[in-house]
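Engineer: everything below, folded, please.
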Amino acid sequence: MTTTTMTRRTLLGAALLTGLTACSSNDPLDSNDSGSGSANLTVGSANFTESEIIAELYAQSLETAGITVKRRMQIGARDVYVKALQDGSVDLIPEYSGNLLQFFQAASSASDEKSVMATLRKVLPAGMSVGEPSAAQDADSWCVTAEFSRTHKVTSLADLAKLSSLKVGGNPELKERPYGPKGLTKAYGVPASIIKFTALSDSSGPLTVKTLTTGAVDLIDLYTTTPAIKEQHLVVLSDPKHLIVPQNVVPLLSKKVNGKARAQLAKVSKVLTTDDLIGMNQRSQGDEKASAATIAKDWLAKKGLAS
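Structural biologist: Numbering: from 1, shown residues only. Got it, this is the predicted structure:
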C-alpha cells in the first residue's frame, strides 16, 4: 500500500503484548467527560499511507470542532501503537475491525460485521475502546487475472481445489495467516501439495500486481482498496465460507477521548465509504502523489465536514 517497510498485515501478525489481556466494559463514557470540554488529543497512524490518510481525516475533523490535535504519523506495527495507546503517547488511531479482533483474540469465530464488532468491544483491554465503525472496508482479497478466471473457470475460492497447481503470491507473513495458503487448504480443500508460495514485499503494490499480470503467479492477496484491481480488470474471487473476516475502518481510542471527540469522529465514520478509500489511495499512489493532509482536507470539504 506504500513503500514503507512494514505492511498492514504485518501489524496483524505481531504477538500480543504482556498485560493486554485484561478486558473492560469499553463503555464510551467510562472515565470520560462527554461534555463540551476538549482535551488535547494525539492522533497517530500505522506506517502505511492509507492509515495516515484516515488519521488525517480524524485529526482535521477534530480540529474543526475546536479540539487541539497533535500528530504522530507512521508509528509502526500494531503492537507498537497499541503500546503507545496504553502509555498515553497516542490517543487514537485508525484500525480495521477484523484484524484488530484477531490481534486480541486469534481464535475468534466471528465472521460478519456485527459479530466482529460486538466481539471486539468485549475483548479490548481496559482503557481502550473503539468508536463507531464506518461502512468503508479495506480487507484482504484473493485475485486472479480475467484471463486466468476464464481459462480455468475460477470465480470463487471454492474453485481452486480443482486445479492441478497453484502459484500464490503475497506478503511474507501471509504464508502463516489464517486467511493465507493454510486457510485455503483448511476452508476450501485446496491441496497444500499444489500450492507454491512466493513472498512479495511491497504490500499490494506495483510489484505484487505485476507478478500476477505477467503470469509469475496465479493468485495474489490484494487489499480491496487497491486501485489496480479496477485498473487491471482483476477478478476478486468470492469467499462463500468467510475465510476473510470483515475489515471495517474504525477508530481505536484511549480513555482520554471524550464524548465530544467521539461524536466528531462518528461524523467521519458515518459517511466514509470503500469507494472513498479507493479514490484517496489513487490520489496518493497515482500520478498526483497528493499528501495525506491534502487528500483529507479535500474529502472533508466534499462531505461538508470542513470548518
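
Engineer: skip the chain neighbours and tell me the closest residue to S164.
Structural biologist: I194 (6.4 Å; CB to CB, 6 or more residues apart in numbering). Every C-beta, even on glycine, is put in place using the N, C-alpha and C of the backbone.

Engineer: actually K70, not the one I typed
Structural biologist: Excluding the flanking residues, the one nearest K70 by CB to CB, 6+ apart is T42, at 4.4 Å.

Engineer: pLDDT at the residue lying closest to E63 once chain neighbours are set aside, what is it?
Structural biologist: Take E63 and drop its neighbours on the chain: the residue closest to it by CB to CB, 6+ apart is V69, 5.4 Å away. Looking at V69, its pLDDT is 97.

Engineer: my guess is V69 contacts G44. True?
Structural biologist: No. The pair V69 / G44 is not scored as a contact, 10.8 Å apart, by CB atoms under 8 Å.

Engineer: which parts of the stretch 1-150 of the chain are strands?
Structural biologist: 41-44, 69-72, 92-96, 128-130, 140-144 (DSSP state E, counting those that start in this stretch).

Engineer: list the contacts of the last one.
Structural biologist: The contact list for strand 140-144, computed with CB atoms under 8 Å, 6 or more residues apart in numbering, reads 9, 154, 157, 179, 184, 212, 218-224, 229, 234-237, 239, 244, 247.

Engineer: only whichever of the residues you listed are buried, select them in PyMOL.
Structural biologist: Here is the PyMOL command that picks out the buried ones among the contacts of strand 140-144, judged by 16 or more other CB atoms under 10 Å:
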select buried, resi 9+154+157+179+184+212+218+219+220+221+222+223+224+229+234+235+237+239+244+247
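
Engineer: can you give me phi and psi for the closest residue to P181 other than its chain neighbours?
Structural biologist: Nearest non-adjacent residue to P181, counting by CB to CB, 6+ apart: I195, 5.0 Å away. Dihedral pair for I195: phi -90, psi 130, per degrees, to the nearest 10.

Engineer: hang on, I195 packs against S164?
Structural biologist: No. Using CB under 8 Å, I195 is not in contact with S164; the gap is 11.5 Å.

Engineer: with neighbour numbers in mind, choose between the two.
Structural biologist: Per other CB atoms under 10 Å, whichever of I195 and S164 has more neighbours is I195, with 21 against 7.

Engineer: is that one bridged to anything, and to what?
Structural biologist: L166 (DSSP bridges).

Engineer: OK, contacts around it?
Structural biologist: L166, V168, P181, L184, T185.

Engineer: please name the nearest non-neighbouring residue to the last one.
Structural biologist: What that stands for is T185. Nearest to T185 is A192, by CB to CB, 6+ apart, at 4.9 Å.

Engineer: before we move on, what about the fourth one?
Structural biologist: Using CB to CB, 6+ apart and skipping residues adjacent in sequence, the residue nearest L184 is V190, 4.3 Å away.

Engineer: can you report phi and psi for the one you found?
Structural biologist: phi -70, psi 120.

Engineer: how far off centre is stretch 119-134?
Structural biologist: 15 Å (CA atoms, centre = their mean, to the nearest Å).

Engineer: CA atoms only: put it into CSV for me.
Structural biologist: C-alpha atoms of stretch 119-134 as CSV (Å, rounded to 0.1, in the frame of the first residue of the first chain):
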residue,chain,number,x,y,z
THR,A,119,-16.8,-9.4,20.0
LEU,A,120,-14.1,-6.7,19.5
ARG,A,121,-15.8,-4.4,22.0
LYS,A,122,-15.8,-7.2,24.6
VAL,A,123,-12.2,-8.3,24.2
LEU,A,124,-10.4,-4.9,24.1
PRO,A,125,-8.2,-4.3,27.1
ALA,A,126,-9.1,-1.9,29.9
GLY,A,127,-8.6,1.7,28.9
MET,A,128,-9.3,1.1,25.2
SER,A,129,-12.4,1.2,23.2
VAL,A,130,-13.5,1.7,19.6
GLY,A,131,-15.7,4.4,18.1
GLU,A,132,-18.4,3.9,15.5
PRO,A,133,-17.3,1.8,12.6
SER,A,134,-17.7,3.0,9.0
